[in-house]
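[1] below are the sequence and a predicted model; questions follow.
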Amino acid sequence: MLGRQKGKAGMADKKMKRKSSKTKVDKEKIITLPLTKEKVLELKVGDVVLINGQIVTGRDKIHKFLFSQMPPKEQIPFALEGTIIYHCGPIIRKTRKGFECIAAGPTTSIRLEMYEHSLISEYGLKGVMGKGGMGKQTLKALKDEGCVYLHAIGGAAVYLAGRVKRVVDVWKLDDFGMSEAMWLLDVENFPAVVTMDAHGKSLHKEIDKKSFEEFRKLTGIR
Amino acid sequence: MLTLRQAIVALYMDAATSLPPDVEKALKKACSKEKKGSNAGAALSTILENIQIARETARPICQDTGVPVFFIKIPAGLSHLEVKDNIIKATRIATKEIPLRPNAVDILTERNSGDNTGTGFPVIYLEETKNKQLTIDLMLKGSGSENIGQLYRLPSAELEAERDLDGVRKCVLDTVYKAQGRGCPPYIIGVGIGATKDQVTKLSKEQLLRNLEDTNEHGVLLKLERSLLNDINQLGIGPLGFGGKTTAVGIKIGVNHRHPASYFVDVSVSCWADRRARLVWQIKK
């Protein structure tokens, strides 16, 4: 298990508490939102973090919208400054009491590569979370602006929904639909791994390089 | 008495919330192989825990409940239209009840239909069988892994790949190398080889329905599957692309005859959440 479970968080919580971790990672860092540049600079590739506070979701449509329209901050109902944008199209069910988060794993981040750098600089995001990593433009923006890329556990959607304490609010639900809307989520000890940091380091770049060497050996391609 | 429609809703539930035992077993084995204390090992533990919670709480394993792909073997005399109609209706019910994420987006209006039905959605392949019972295989194909699949037309100068099984091997390694960790490894890989583009893409997807522990009927393909799995895991991409020993837990290859001038190879990739389930339905006389 990545990260310890503390407190109550969602329906799957009871089930999770029974289990103990088999593989223990002992370098967890607690992130409390909003993040500052100083805090971001403390984070290094390989660190496991536990996120606490309010994050926003945003995938293809939100990114395209913010990038092309660039609405001023006051037109966006949530404070993006210092927060984390989570590449996620969740399953959220409307109940009598409000919204319930059913499943909330990450989506593939590379699709948002052409937009992310300008969202980071324009809106002061301090974290980008998703899966699979991002490219050169984002890596440069992370360094220039003091921002970090966090890799969530792909496919562990029920587990991660258990770390969403509350679905606070939603924006653009009617326009973009459930999975493409921007959800404001209050998370508790939400686990992720730093795979691209504000110092220009990217685990994805390293793995790509190493695997390319192996690929060449295995295929004999020059 | 359960109706066919209800049985298909139950099939959706099974596929979305419960991973097949052979896949779970392979992931457990992969978890034990990763270095203790590594992020790759920890990620696999979380994945295994997620599988268990999903099953116990009857919630979808992954929020991307994918494109539903049906492979159906239908006995003579049973109406294809009736089976399709049942699938469409069951899809609407399952989307609401389980719930599944609505994933069907209109190309022209960009509107999501909201119930996972639309033009050509779900994907349904029907084939007549001599058997007396109706067999429905359902795969919930997540799009993170669907996007990293590749189609090749051999020979390929770029890959120095000729029209033979070694060329096929290079195609598969190319797909996995290019995918890196973007499609949620450990992967399960389906390969289809044959005469036309449309045929091999279906064939490669069909391979993903095979049990990881089955053995290919062609000895030479069985050998290739085994050696390729080994080669893929040499790449070191690892669980979720964190680096590590297990990049794939299975590879299955299927072949059709080809045209003398053509050699199409299609590589379909499934994320670790290879969600498939089968319904065998007895037809009442």
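    Ah, there it is. Numbering: from 1, shown residues only, chains lettered A, B, ... in the order given.
[2] next secondary structure element downstream of the longest strand along chain A?
    In chain A, taking DSSP state E as the definition, the longest strand is strand A:182-196. Using DSSP states H and E, the helix or strand that follows strand A:182-196 in sequence is helix A:203-219.
[3] residues touching that following helix, excluding its own?
    Residues from elsewhere that reach helix A:203-219, judged by Cβ atoms under 8 Å, 6 or more residues apart in numbering or on different chains: A:45-46, A:132-134, A:139, A:151, A:195-196, A:221-222, B:159-160, B:169-170, B:173-174, B:177, B:180-181, B:231, B:234-238, B:241-243. For glycine as for every other residue, the C-beta is placed from the backbone atoms N, C-alpha and C.
[4] just the buried ones from the residues you listed?
    Buried members of these, counted by 16 or more other Cβ atoms under 10 Å in any protein chain shown: A:45-46, A:132-134, A:139, A:151, A:195-196, B:159, B:169-170, B:173-174, B:177, B:180-181, B:231, B:235, B:237-238, B:241-243.
[5] looking at the contacts of helix A:203-219, which are in strands?
    Secondary structure from DSSP E places A:151, A:195-196 of the contacts of helix A:203-219 in strands.
[6] and chain B, which of these contact it?
    Restricting those to those adjacent to chain B (criterion: Cβ under 8 Å from any Cβ of the partner chain) gives A:151, A:195.
[7] which residues in chain B form helices?
    Under the criterion DSSP state H, chain B carries helices at the ranges B:4-17, B:21-33, B:39-57, B:80-97, B:143-146, B:165-179, B:197-207, B:219-234.
[8] okay if I get those helices as TSV plus mean pLDDT?
    Listed next are these as TSV, based on pLDDT from 0 to 100:
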stretch	mean pLDDT
helix B:4-17	98
helix B:21-33	98
helix B:39-57	97
helix B:80-97	97
helix B:143-146	97
helix B:165-179	98
helix B:197-207	97
helix B:219-234	98
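[9] could you dump those helices to JSON lines with distance to chain A?
    Shown next, in JSON lines, are these (distance: least, Cβ to the nearest Cβ, whole Å):
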{"stretch": "helix B:4-17", "distance to chain A": "9"}
{"stretch": "helix B:21-33", "distance to chain A": "7"}
{"stretch": "helix B:39-57", "distance to chain A": "4"}
{"stretch": "helix B:80-97", "distance to chain A": "10"}
{"stretch": "helix B:143-146", "distance to chain A": "5"}
{"stretch": "helix B:165-179", "distance to chain A": "4"}
{"stretch": "helix B:197-207", "distance to chain A": "19"}
{"stretch": "helix B:219-234", "distance to chain A": "5"}
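[10] how about the ones you listed in a markdown table, adding distance to A:I85?
    Formatted as a markdown table, the entries for these read as follows, by distance: least, Cβ to Cβ, whole Å:
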| stretch | distance to A:I85 |
| --- | --- |
| helix B:4-17 | 27 |
| helix B:21-33 | 29 |
| helix B:39-57 | 22 |
| helix B:80-97 | 27 |
| helix B:143-146 | 18 |
| helix B:165-179 | 24 |
| helix B:197-207 | 33 |
| helix B:219-234 | 33 |
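[11] which of these sits most buried?
    The highest mean neighbour count among the helices of chain B, using mean count of other Cβ atoms under 10 Å in any protein chain shown, belongs to helix B:39-57: a mean of 24.
[12] so how far is that one off the chain centroid?
    Here helix B:39-57 shows a centroid-to-chain-centroid distance of 20 Å under the convention Cα atoms, centre = their mean, to the nearest Å.
[13] alpha carbons of it, as CSV, please.
    Provided in CSV are the C-alpha atoms of helix B:39-57 (Å, rounded to 0.1, in the frame of the first residue of the first chain):
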residue,chain,number,x,y,z
ASN,B,39,7.7,2.4,-5.9
ALA,B,40,6.9,-0.3,-8.5
GLY,B,41,6.3,-2.9,-5.8
ALA,B,42,4.2,-0.5,-3.7
ALA,B,43,2.2,0.4,-6.8
LEU,B,44,1.4,-3.2,-7.4
SER,B,45,0.4,-3.7,-3.8
THR,B,46,-2.0,-0.8,-4.1
ILE,B,47,-3.4,-2.2,-7.4
LEU,B,48,-4.0,-5.6,-5.7
GLU,B,49,-5.7,-3.9,-2.8
ASN,B,50,-7.8,-1.9,-5.2
ILE,B,51,-8.9,-5.1,-7.0
GLN,B,52,-10.0,-6.6,-3.7
ILE,B,53,-11.9,-3.4,-2.6
ALA,B,54,-13.7,-3.2,-6.0
ARG,B,55,-14.8,-6.8,-5.7
GLU,B,56,-16.0,-6.5,-2.1
THR,B,57,-17.8,-3.2,-2.6
